[in-house]
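*Asks:* sequence? don't have it. structure:
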């Protein structure tokens, strides 16, 4: 039970840290906090600046500012983007659905693909095909995701003309969504598969040397069924945790892929916000992404407890 | 004749023993595990390292020298020129230094932090361990790249902030590995006897535990370098890099945003991308090679 | 009594340092010219020091050795040479006719499956084979029945599962668990080593194998547990037709259980005898030394240590440690000589 309490405490601390970081950034970073809070390139007069300063409570003590900030968060008020002329929460709500769909689909596909191929490659690491596949995945995992996206876009969209090279902005039908998403999802799935592949391969190589695998053989299981009936479940346990930890990394990778493929999600939003120094949007995006990753980690912890009997030992 | 051969073999063995003894790095173990790919990685890495150390020997021009812009590859400019007329090949060669520097510098920072936190947490156990590992877990769940993006956006991009931010935010996995290894080592007889003899904690950590951590730190350091280089390239792509010091990531970013991609100038955007991939791969392969030792030990049935 | 297993001239070598190029491949011969036989319902014990190749013999019989090992000789089991069988044919024998109890029960059980699941596994694996054969014959009859077929199949599966369930419960009861249904939901990590040991015995004897190999079953157990284990194995011997190959370095344990004892030293069998003769009148100097090193016989250790298997001494392998060696012991390798039911590998005995 104390393990549960510890985990919960850690998640609470993570949550608190994320919120605090988000609160602290515009106030600690060099430059005028007002500028940091509304965005740098917004032109406002001195008078308006002072007005805003008073309105945002920047001349009040910090703890008051912090409680006000928490209050705002609870009302889903993430500030106002002067660039996009709309509240940040609304902008994010519009965009995040697409990104989550994109990330979810590709992470899932990558997990399945990487785990299965990795398991097989770990089972028979000496064969030529498996060595080749392994090299391919090492190369993939060493490629920055956006470069991979650029390459695919160039080859399949520009040279071969098989796929569109821009995202969609009109009302999407399922067909057009598939058509537009195919290439980016493939790139992301490959990228996430490459990470899972390497972990799974190493894990299987380690697990198959364990005694229970030998005992499974002694019980009369034939070669490959030892892998599927005994080794794979043990070997995929670390994958669950790593998948969650990787989720943040993959999420970031997805942002870059979105930018390259001009998909209408968080990635392009962040890219535009960086160029336009639209700090409120950046902060809001960070908060949302960090919370999504936190949630993914919690989910993985729960899943792990269900999958591994060693964790839920009765006392 | 026989004796001479034996003598030579013996001297090589002694030499390896010395390295094994002083650096606690048993080369023989790695020799066995380094296969063709790892050797290839080593070779590639040496190539990039030489480029990074002596770019002026290889680059045909200075990277800031200006020619006609948007030129296709020719004998004068093997990879053409970019939007402001710089020779792309020269840029590429000078970029090696910056990309690798960012990678190694930030990996050094993160390895150092990870080592300290892991060592303290594993050695002292109890409350310090709980606190430090709790902190590590908390930091681990915060997504790095978005955080770096937001910090990078507030601070004006410079290579130093990039190194610092990357280094300060990626030590957690190293800390965890170091901690678990330290927990193992501190139970070993020689550490216990050192404690009984009354050596200070710092002395034991530095002279008894640290040497045994080298062989797990080395692969971790390499992999941290590789991932820092990817992160640097990604951040540069978003325009958060230092424009005055052109790394491969910035070259790629410029090729994307300043017309290289639209004009289909593959000689502009392909080489830096390939260089990043190859360089990262060579470093990662060396890391895997160092790591591989463990894998091999586990093979084979115990011949009890 | 009929001979069940006949091992002749078994040689097992491992290649080491495979990856190192340029250097000669170093061969380690773990088992050297081992021959013995086990009759039906007999218990043969294989004793010797750690690292003398006992477990390798066991693994060789089950064909569980890693791929890089070289196995020579013949292992005849029920008229078939096991070393010539294909992997598929071998899998049919494993767990059903020959099964093994490993020395580390907590590691031999898969941590992520429940005890019940793992105990039922041999039933599932080998039950399916039988059913497949029968089903194939009945295939045509079934086709006529049409839609009923599916339901029937489900019913059969359910029946089989129930059957398995009760069999597992029975097996658990046999090894001394009074409430087997509770333990079936447990996982290996929740149980002690002794409990896991009994689970393992239950799993390995589930299908009443003709030959059971127990690889150091008493290792790492305390006195009480060893006594319990002894009772279980004894009960097993009485109740079933199983022959037992018992591998151990615990001499007292072996004496109480075995019908015959083979002593191994450095990859060779040096003496085979019935236990009472072996313990009262040991022939080979190594056996004598081994017995003298027992606590109740004065705790006198054998001087020196076992030779490395990569470079065994010339002549008799025991000569560097032998108190009564002669000149020819250092040059010639003695053969295993047999006389009135005992065999010994020594020039000076018999």
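*Replies:* Thanks, I have the structure now. All figures in this text were calculated on a predicted structure; none of them were measured in a lab.

*Asks:* got the residues of chain C near chain A?
*Replies:* Contact residues (CB under 8 Å from any CB of the partner chain) of chain C with chain A: C:62, C:64, C:87-88, C:91-96, C:99-100, C:102, C:104, C:107-114, C:121-122, C:125-126, C:187, C:189-190, C:200, C:203. The C-beta positions use only the backbone N, C-alpha and C, and glycine is treated the same way.

*Asks:* Tell me which of those residues fall in strands.
*Replies:* C:99, C:100 (DSSP state E).

*Asks:* Show me how to select, in PyMOL, the buried members of the residues of chain C next to chain A.
*Replies:* A single PyMOL command is used to select the members of the residues of chain C next to chain A judged buried by 16 or more other CB atoms under 10 Å in any protein chain shown:
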select buried, chain C and resi 62+64+91+93+94+95+96+99+100+102+104+107+108+109+110+111+112+113+114+121+122+125+126+187+190+200+203
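
*Asks:* taking the residues of chain C next to chain A one by one, which sit in helices?
*Replies:* Among these, the members falling in helices (DSSP state H) are C:62, C:87-88, C:91-93, C:107-108, C:121-122, C:125-126, C:200, C:203.

*Asks:* ok, residue 133 - contacts?
*Replies:* Reading this off chain A. Contacts for residue A:133 were tallied using CB atoms under 8 Å, 6 or more residues apart in numbering or on different chains; they are A:117, A:121, A:197.

*Asks:* um, chain B though
*Replies:* Taking CB under 8 Å, 6+ apart, one finds B:121, B:175, B:176, B:179 in contact with residue B:133.

*Asks:* re the thing from before, which two from the ones in helices among the residues of chain C next to chain A end up farthest apart in space?
*Replies:* Looking at these by CB to CB, the two members farthest from one another are C:88 and C:107, with 27.0 Å of separation.

*Asks:* Which residue ranges of the chain form helices?
*Replies:* Going with chain A. Using DSSP H, the helices of chain A run over A:2-28, A:33-38, A:46-56, A:62-74, A:88-123, A:128-142, A:145-152, A:174-207, A:211-218, A:223-226, A:232-235, A:237-261, A:266-276, A:279-307.

*Asks:* hm, I was asking about chain B
*Replies:* When secondary structure is read from DSSP H, chain B shows helices at B:2-23, B:27-33, B:36-53, B:55-58, B:88-124, B:126-140, B:144-154, B:159-168, B:172-185, B:189-196, B:201-204, B:210-237, B:248-257, B:266-297.

*Asks:* Those: lowest mean pLDDT?
*Replies:* Least confidently modelled of the helices of chain B is helix B:27-33, at a mean of 58 by mean pLDDT.

*Asks:* Mind telling me what element residue C:343 is part of?
*Replies:* Secondary structure assigned from DSSP states H and E places residue C:343 in strand C:342-344.

*Asks:* Could you list the buried residues of that strand?
*Replies:* Of the residues in strand C:342-344, those scored as buried under the neighbour-count criterion (16+ other CB under 10 Å) are C:342, C:343, C:344.

*Asks:* cool, stretch A:140-150 as well?
*Replies:* By neighbour count on 16+ other CB under 10 Å, the buried set for stretch A:140-150 is A:140, A:141, A:142, A:143, A:144, A:145, A:146, A:147, A:148, A:149, A:150.

*Asks:* ok, the fifth one touching residue B:272?
*Replies:* When you say that, I think you mean residue A:144. No. At 10.2 Å, residue A:144 does not count as touching residue B:272 under the criterion of CB atoms under 8 Å.

*Asks:* Looks to me like residue C:231 is in a helix.
*Replies:* Yes. Looking at residue C:231 with DSSP: H, G, I helix; E, B strand; the rest coil, it is inside a helix.

*Asks:* now it: how far from residue B:118?
*Replies:* Remark: distance between residue C:231 and residue B:118 (CB to CB, to the nearest Å) = 49 Å.

*Asks:* of these two, who's got more company?
*Replies:* residue B:118 (29 against 11; other CB atoms under 10 Å in any protein chain shown).

*Asks:* Quick check: closest non-adjacent residue to the more buried one.
*Replies:* Spatial nearest neighbour of residue B:118, chain neighbours left out: residue B:178 (2.8 Å); criterion: CB to CB, 6 or more residues apart in numbering or on different chains.

*Asks:* Contacts only, for the one you found.
*Replies:* Listed by CB under 8 Å, 6+ apart, the contact set of residue B:178 reads B:114, B:115, B:117, B:118, B:119, B:122, B:213, B:216, B:217.

*Asks:* just those residues now: which is nearest residue A:3?
*Replies:* For residue A:3, the nearest member of those is residue B:122. The distance, counting by CB to CB, is 19.2 Å.

*Asks:* Number of residues surrounding the closest one?
*Replies:* The burial count for residue B:122: 26, using other CB under 10 Å.

*Asks:* what does the stretch 1-150 of chain A have sitting close to chain B?
*Replies:* Within reach of chain B by CB under 8 Å from any CB, the stretch 1-150 of chain A has these residues: A:6, A:9-11, A:13-14, A:17-18, A:21, A:25-26, A:29-31, A:36, A:135, A:138-139, A:141-147, A:150.

*Asks:* pretty sure residue C:10 is in a helix, no?
*Replies:* No. When classified by three-state DSSP, residue C:10 is found to be strand rather than part of a helix.

*Asks:* Dig out what it forms beta bridges with.
*Replies:* Partner residues in beta bridges with residue C:10: residue C:34, with DSSP bridges as the criterion.

*Asks:* So it is in contact with residue C:76, correct?
*Replies:* No. Taking CB under 8 Å as the contact criterion, residue C:10 and residue C:76 are not neighbours in contact, 11.1 Å apart.

*Asks:* neighbour count winner among these two?
*Replies:* Looking at residue C:10 and residue C:76 with other CB under 10 Å, you find the greater number of neighbours at residue C:10, namely 24 against 16.

*Asks:* circling back: farthest-apart pair in the contacts of residue B:178, please.
*Replies:* Maximum pairwise distance among the contacts of residue B:178 (CB to CB): 14.8 Å, between B:117 and B:216.

*Asks:* Surely residue A:301 touches residue A:7?
*Replies:* Yes. In this structure, residue A:301 is within contact of residue A:7 by CB under 8 Å, at 6.1 Å.

*Asks:* measure residue C:158 to chain B for me?
*Replies:* For residue C:158, the distance to chain B (CB to the nearest CB, to the nearest Å) stands at 39 Å.

*Asks:* so which helix or strand takes in that residue?
*Replies:* Taking DSSP H and E as the criterion, residue C:158 maps to helix C:148-174.

*Asks:* Residue C:168: neighbouring residues, count only.
*Replies:* Number of residues near residue C:168 (other CB under 10 Å) recorded here: 26.
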